[in-house]
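> Sequence unavailable; structure follows:
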């Protein structure tokens, strides 16, 4: 019930009361019906008419005056709209200047340098918007103090062209991502930069750019996205110069003196990659199917003469789903890695087929505090054949590699301070990787940050264990414009 | 005779009362009209927002964003929101998508352009800060009108004064909030949140324009004594009834910002 209904009822009751005015035994109104007086008192400051807020400009001083109806206010309205419109610029120019340094916190016998990171990075970001098409450029110029060299890294050089209402084309250098994992990728076979990730660059540098054509066709039944990369774009993986790695041929850790020698497919159109995603929403759930045909993105094979890491042919077929479950978001993804050069598993120098699965859940555990957990698994196929043909000097992988991740994210100080800890832990490999980070926004232009990349492992042959001596801390500042 | 006279008075009184009741909207009407005036003007709409956050020490931070909104149909029904950040640098070109449902958790996505990632955001506490401002997510997309009991505590020449008490007290940080609703437009000129009788959070409308016939808030201010400081929102480039297609509010346009509607 509400007050107006009560009031109406009170009126009726009052009228009836008058009708039977002769009687002094008028029934008393039940508590709560009898008058506004009995309503809860207004909190301090709300009491009298003086506490009533004054009308803002636009609502008019005279309260009795009705608001302007549609039509009557039109001429006035249009002039107001004009005065509040801002000119839109077709060219936008931005960027940042980022300085950070990091160093090893353990001695590394195969590295002479303590510094893992020492760079001054200038990023320029330019965008031109046409009526339909737009053009983007994002490029970095880096002075690398750890190696005393200047590098450039063009991350975007892309034309976006919506051809029709249901067809988008994006051509050029671009960063591409899909799939539902958090820092874990199954059906996303776009290039990653593991060196940047492991050494404390901003997480955006985990994704390396590729020169691709992306075609999107959108409709109610199923959306189709096709990415064609005419020349294979491998991951940027640790090659020894900055980060030492485990070399099965050397039988131990290798560093700057013994960098990875590799041979990547590099012919345009012959060594191409094609990636496909079909997706749609089913209620609140997003479901997708994926296919990829190309190469292992990080070395997935080895030749002995000459000793070179190789990128064997690979096809991947997979699916994912993501949606709300209880208070959080559930993510699931799987992919079958068809290692086309070693389908039988008999070639010890080419990766076997694998089935990879991921299950994740993220939820808000407290005020501005989220927790995300994931389980990820790689299941090597034809494991018996792998063990039977594996050379004696190469340490054997397990049939199953399990990986758990936990992410804690906490925002503090009006969301200007963000603390995060991302932990990878593999019970099967007995290794772990901890990524604590802290970022503080001093103001809209300046932010400072620090973090660490801590690798732990029982063996030096496992994925994270091989990096143990590369454990590092870093800090820096960024000015944005 | 006396009895007849009494009846006449009674009839007149009853008629007067009834007509007064007919003119005064019911509380449910007021609540529905306020909800429409605040969140459902036109069938869709766009606004540029300049958000100035002043913290307890007087330091200012600015956010520049564009909000697109599309209603599913009837006022008070489902809606979709698309929020695009122009400034500051650390969130530039980030896009945020909300499918607002009634009586169940909203679906929310965040797009991070540097990584080309669409993240699904867990259905969180709606009463947490929106991008570090004094406004909550719920202030941006609207609090469900069924989540509170509403009571008209006063009617003045200018305002309906509505007190709202949460049905589920554990889900919110306030005991009640009181709205001063402008009678002509149903816009909430002032909203005060109190806990234990103390008002700690106040939103004020500072300016209104009539745009395409819709009375529209063009400047508002939220003050929060618990956090300290305040946030002022200035709205510009407001336009209604743009006939935005529904698919603007999907993953496709998270990844490729709909520039024709963002300006």
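Thanks, I have it. Computed from a prediction, not measured in an experiment: that's the story for all the values here.
> going forward, measure contacts between C-alpha atoms and count neighbours the same way
Fine.
> And residue A:137, how close does it get to residue A:125?
Residue A:137 sits 6 Å away from residue A:125, going by Cα to Cα, to the nearest Å.
> Residue A:326 now?
40 Å.
> neighbour-wise, which of these two wins?
Counting neighbours by other Cα atoms under 10 Å in any protein chain shown for residue A:326 and for residue A:125 shows that residue A:125 has the greater number, 17 against 11.
> Not counting sequence-adjacent ones, nearest residue to the more buried one?
Spatial nearest neighbour of residue A:125, excluding adjacent residues (Cα to Cα, 6 or more residues apart in numbering or on different chains): residue A:138 at 4.4 Å.
> so what's the one you found up against?
The contact partners of residue A:138, taken as Cα atoms under 8 Å, 6 or more residues apart in numbering or on different chains, are A:123, A:124, A:125, A:126, A:154, A:155, A:156, A:157.
> Just grab the bridge partners of the last one for me.
So the one you mean is residue A:157. Residue A:157 has these beta-bridge partners by DSSP bridges: residue A:137, residue A:173.
> follow-up on the earlier one: which of the contacts of residue A:138 fall within strands?
Among the contacts of residue A:138, the members found in strands (DSSP state E) are A:123, A:124, A:125, A:126, A:154, A:155, A:156, A:157.
> could you flag which of the residues you listed are buried?
Listed as buried from these are A:123, A:124, A:125, A:126, A:154, A:155, A:156, A:157; burial here means 16 or more other Cα atoms under 10 Å in any protein chain shown.
> Does the fifth one touch residue A:126 like I think?
No - no contact is recorded between residue A:154 and residue A:126 when judged using Cα atoms under 8 Å, the distance being 12.0 Å.
> residues shared between the contacts of those two?
Common neighbours of residue A:154 and residue A:126, using Cα under 8 Å, 6+ apart, are A:137, A:138.
> in chain B, what residue is nearest chain A?
Residue of chain B nearest chain A, by Cα to the nearest Cα: residue B:213 (4.2 Å).
> Can you read off the pLDDT for that residue?
Per-residue pLDDT puts residue B:213 at 93.
> Tell me the secondary structure at residue 140.
I'll assume chain A. strand (DSSP: H, G, I helix; E, B strand; the rest coil).
> look at chain B instead
Secondary structure assignment for residue B:140 (three-state DSSP): helix.
> which residues in chain B form strands?
B:44-54, B:60-71, B:79-87, B:95-100, B:107-112, B:117-121, B:148-155, B:159-166, B:176-182, B:188-195, B:198-211, B:214-224, B:230-240.
> Which residue, other than its chain neighbours, is closest to residue 228?
You didn't pick a chain, so chain A it is. In space, residue A:228 is closest to residue A:274, 4.7 Å off (Cα to Cα, 6+ apart).
> hm, I was asking about chain B
Nearest non-adjacent residue to residue B:228, counting by Cα to Cα, 6+ apart: residue B:56, 4.4 Å away.
> And for residue A:218?
Counting by Cα to Cα, 6+ apart, the residue nearest residue A:218 is residue A:166, at 5.0 Å.
> Could you tell me the end-to-end distance of stretch B:236-251?
Stretch B:236-251 has its terminal residues 26 Å apart, counting by Cα to Cα.
> cool, stretch A:437-449 as well?
Termini of stretch A:437-449 sit 7 Å apart (Cα to Cα).
> and if you look at stretch A:141-153?
7 Å.
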